[in-house]
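Participant: With the input below, show me the fold.
(one chain, ligands or ions: 1)
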Amino acid sequence: MKAKVTVHEQFRKGKVDDRFFGSFVEYLGRSIYGGIYDPGHPTANAQGFRRDVMDVTRELRIPIIRYPGGNFVATYDWEDGIGPVEKRPARLDLAWKAVETNRVGLHEFAQWAQDVSAEILMTVNLGTRGVREALNLLEYCNHPGGSYWSDLRRKNGQEEPFNVRHWCLSNELDGVWQVGQKTAYEYGRLANETAKAMKLLDSSVKLCACGSSFRRMPTFLEWDQTVLDLCYDTIDYLSLHSYLRNAEKDPDTYLAESMDMEEMIDLTVKMCDCVKGRKKSPRTIDISFDEWNVWPRAKEDDRFIDPWRIAPPLLEETYTMEDAVAFGCMLNVLFRHADRVKIACLSMLVNVFGPLMTENGGALWKQTIFYPFSYASRYGRGDSLDVRLDSPGYQNKVYGHVPFVDVSAVYSEERKEVVFFAVNRSRAESVVLETNLSGFQKASMVEHVILDSKEPGTSNTKSAPNAVMPRTAAAARMEGAAARVSLPPLSWNMLRFSVSG
Ligand code: AHR
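Facilitator: Residues are numbered from 1 along each chain as shown. So this is what the prediction gives:
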């Protein structure tokens, strides 16, 4: 099979923001306890954080990490996580039916984030709390001193403000699964009042309001329209979330699910701009895609885990090669919308939907999805390019025509490189992809990295941590401004070209 993709230097869609390569850590399962924090681990630092996890987190160059939830935040009192650890209360976390010990709180997490060179995207609880508590937290984090909450922070050992710049105004409050679920009107009013007050306290903060939790919410777009109507002037971003499920255990549909995410972004951006137009506002609301990942199997088994345990192993996926391909399609969707998706958080970092997995007190290994994210974070910084793709495809009962090839491209003027991230959805056949760079002078191919496997179900596990690993194929020779590159069946690929503009 043959496909063709064309890019041009002048087809620049927008800069890929650094915050595009964010991630997410929630008090959920073994994301924190047993994941980033494990005081008994041989690599633990003085604060109890695993150095091996920190090293790989740094390797991923993650600039921003969403915290502390997620669904967790709706019954969280942030004050439980400050002050002497031995005095902190254990609380019931209603979102995950677990016990939260509060051993890791704001100060400890902020230190960890600083150690991995990431800023925090902080979520406030507007499920069971309100404007006052959000303001107190902001004052605690960002006010220099001379007030009750800022002085308490100093008393607790942090003289300088944490300077948290990015904030989520709660999480998925359209969801029936939330404690404190709200109608769009209730949420929009509360988010607006909270945003207004937070900006009075610190005008430099950037605020994300909850958009629709998922594309298939019955209130999709209606919720977004009402919320935008009510807080357009006070917020900066609308949060969206997407997890690709393999509900029907049908690979053809699963591998096409990213098309749903693409439509979700397209429609939401149109809704943001429609409200902008109606309000005659000079401001543009961009998207914070602050939870995204594939979620093909986990959860079914979780119901056998007893409630009210500390750090139970919830939502732990063992990702396959097929999952890495679906994941690569999601990354491509995000790159193709980098003009409006300014923040994105891979959900999550470790154990819970983790690109990284750890054993309590033991090994660490990288799942299949680690590799597309890692290469994207390393080579995907620059300007997103509009791609013109011509690909054969298959007919799917849900999505109609689905192209076998899915591709995104980034041009780095600084590195003088064009990088394609390309997926072949076909399980049976290779596709020869012609990459046409006629808009650039003197292109030459530098590298072809392939992630593939003989079996779509192959995973990396503790006993076989390198079962699916990237390999490098010979770079193709240029034929004029084009190169022909073979994408193996069910593979994720990075094609790197050096160019002069
Ligand atoms: O990532 C797990 C959960 O999925 C998050 O807590 C929630 O926001 C989403 O529904």
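
Participant: For the rest of this, base every contact and every neighbour count on C-alpha atoms.
Facilitator: Noted.

Participant: same question for stretch 232-248, mean pLDDT?
Facilitator: For stretch 232-248, mean pLDDT is 93.

Participant: Next, the distance between the ends of it.
Facilitator: This stretch, stretch 232-248, spans 38 Å end to end (Cα to Cα, to the nearest Å).

Participant: what does stretch 201-216 give?
Facilitator: With Cα to Cα, one end of stretch 201-216 sits 36 Å from the other.

Participant: Residues of the protein that sit close to the ligand?
Facilitator: 69-71, 171, 347 (Cα under 6 Å from any ligand atom).

Participant: 5 Å instead?
Facilitator: The chain has residues 70-71 near the ligand, with proximity defined as Cα under 5 Å from any ligand atom.

Participant: and whichever residue of the chain sits closest to the ligand, how far is that from Ser213?
Facilitator: For the chain and the ligand, the shortest gap (Cα to the nearest ligand atom) falls at Gly70, measuring 3.2 Å. Note on Gly70: its distance to Ser213, by Cα to Cα, is 11 Å.

Participant: anything in contact with each of those two?
Facilitator: Glu172 (Cα atoms under 8 Å, 6 or more residues apart in numbering).

Participant: So the nearest residue to Trp149 once chain neighbours are set aside: helix, strand or coil?
Facilitator: Closest residue to Trp149 apart from its sequence neighbours, by Cα to Cα, 6 or more residues apart in numbering: Tyr140 at 4.7 Å. Recorded secondary structure, Tyr140: helix (DSSP: H, G, I helix; E, B strand; the rest coil).

Participant: Let the chain start at 17 from now.
Facilitator: From this message on, residue numbering opens at 17, which makes the last subject Tyr156.

Participant: Contacts only, for Tyr156.
Facilitator: 165-169, 177.

Participant: Please repeat the previous calculation with a cut-off of 6 Å.
Facilitator: Residues near Tyr156 by Cα atoms under 6 Å, 6 or more residues apart in numbering: 165-166, 169.

Participant: Out of those residues, which sit inside helices?
Facilitator: 165-166, 169 (DSSP state H).

Participant: now what about the helix or strand where Ala340 lies, what contacts it?
Facilitator: Assigned by DSSP states H and E, Ala340 belongs to helix 337-352. Outside helix 337-352, the residues within contact range by Cα under 6 Å, 6+ apart are 271, 274, 278, 384-385, 424, 472, 474, 508.

Participant: Over to stretch 155-174 now: how far is its first residue from its last?
Facilitator: So stretch 155-174: terminal residues 13 Å apart, Cα to Cα.

Participant: Next, the buried residues of it.
Facilitator: 155-161, 165-170 (16 or more other Cα atoms under 10 Å).

Participant: For it, what does the pLDDT average out to?
Facilitator: Mean predicted lDDT for stretch 155-174 stands at 98.

Participant: helix or strand for the residue nearest to Asp93 when sequence neighbours are not counted, which one?
Facilitator: Counting by Cα to Cα, 6+ apart, Asp93 lies nearest to Asn141, which is 7.9 Å off, once chain neighbours are set aside. Asn141 is part of no helix or strand, with elements assigned from DSSP H and E.

Participant: got it, and Leu151?
Facilitator: Per DSSP H and E: helix 147-158 holds Leu151.

Participant: Let's see the distance spanning stretch 57-75 from one end to the other.
Facilitator: Using Cα to Cα, one end of stretch 57-75 lies 20 Å from the other.

Participant: can you list contacts of it?
Facilitator: Contacts of stretch 57-75 (Cα under 6 Å, 6+ apart): 52-55, 132, 377.

Participant: Inside helices: which ones of the contacts of helix 337-352?
Facilitator: Per DSSP H, these map to helices at 274, 278.

Participant: okay, among the contacts of helix 337-352, which ones form the most distant pair?
Facilitator: Farthest apart among the contacts of helix 337-352 by Cα to Cα are Glu278 and Thr474. That separation is 27.2 Å.

Participant: Glu463: neighbour count?
Facilitator: Glu463 is flanked by 17 other residues according to other Cα atoms under 10 Å.
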